[in-house]
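*Asks:* sequence unknown, structure follows:
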Ligand code: GDP
């Protein structure tokens, strides 16, 4: 487990409305290095696999629709204590509850269309980084 790496995804709402530059600038200002980045249009199979833990939740179908609705931007981010720090920087799931100045307070549209994903534990960040990036990309930076 690498405590200094985590995964973010700029979601289709924010990527499609031209907010990715501002969000990356916000993350860099918070001390994150962008180690690797992609633009990816998730297939249904990929979105269902990525969010498999939410399969039983009532919003699962809608979440998969949203995440496959347009391109998104997975980012491999690095800094000390990356996972808890990024969770703090993105804010609460629902932008109405997100602290002022967080990415979601600034850029999210709704609880579902909430601009950005971030891994919720170092264990999951390892799995989620491997979902999008190769071992060689992880060695950059
Ligand atoms: P996160 O870790 O803050 O992203 O939140 P969760 O892991 O609980 O949920 C995953 C994603 O599902 C969220 O980022 C939202 O895009 C979506 N989501 C969560 N809760 C709801 C909800 O109550 N309704 C809808 N429509 N989407 C939700």
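*Replies:* Sure thing, it's come through. For clarity, every value in this text was computed on a predicted model and none was experimentally measured.
*Asks:* alpha carbons only for contacts and neighbour counts from here, please
*Replies:* OK.
*Asks:* which parts of the chain sit against the ligand?
*Replies:* For the chain, the residues in contact with the ligand (Cα under 6 Å from any ligand atom) are 59, 63, 92-93, 111-114, 117.
*Asks:* nearest to residue 3, of the residues you listed?
*Replies:* residue 117 (17.7 Å; Cα to Cα).
*Asks:* list the contacts of that closest one.
*Replies:* Residue 117 is in contact with 7-11, counting by Cα atoms under 8 Å, 6 or more residues apart in numbering.
*Asks:* can you do 10 Å?
*Replies:* Contacts for residue 117 (Cα atoms under 10 Å, 6 or more residues apart in numbering) come out as 7-11, 74-75, 86-87, 90, 93, 104.
*Asks:* kindly indicate whether the spatially closest residue to residue 37 that is not a sequence neighbour is helix, strand or coil.
*Replies:* Excluding its sequence neighbours, the residue lying closest to residue 37 (Cα to Cα, 6 or more residues apart in numbering) is residue 75, at 4.5 Å. Under DSSP: H, G, I helix; E, B strand; the rest coil, the three-state class of residue 75 is strand.
*Asks:* low-confidence stretches in the chain?
*Replies:* Applying pLDDT under 70 to the chain flags the ranges 1.
*Asks:* of the residues of the chain next to the ligand, which is the most crowded?
*Replies:* Neighbour counts for those, by other Cα atoms under 10 Å, peak at residue 114, which reaches 25 neighbours.
*Asks:* and that one, how far is that from residue 15?
*Replies:* 11 Å (Cα to Cα, to the nearest Å).
*Asks:* could you do residue 21 as well?
*Replies:* Look at residue 21 and residue 15: by Cα to Cα, they are 9 Å apart.
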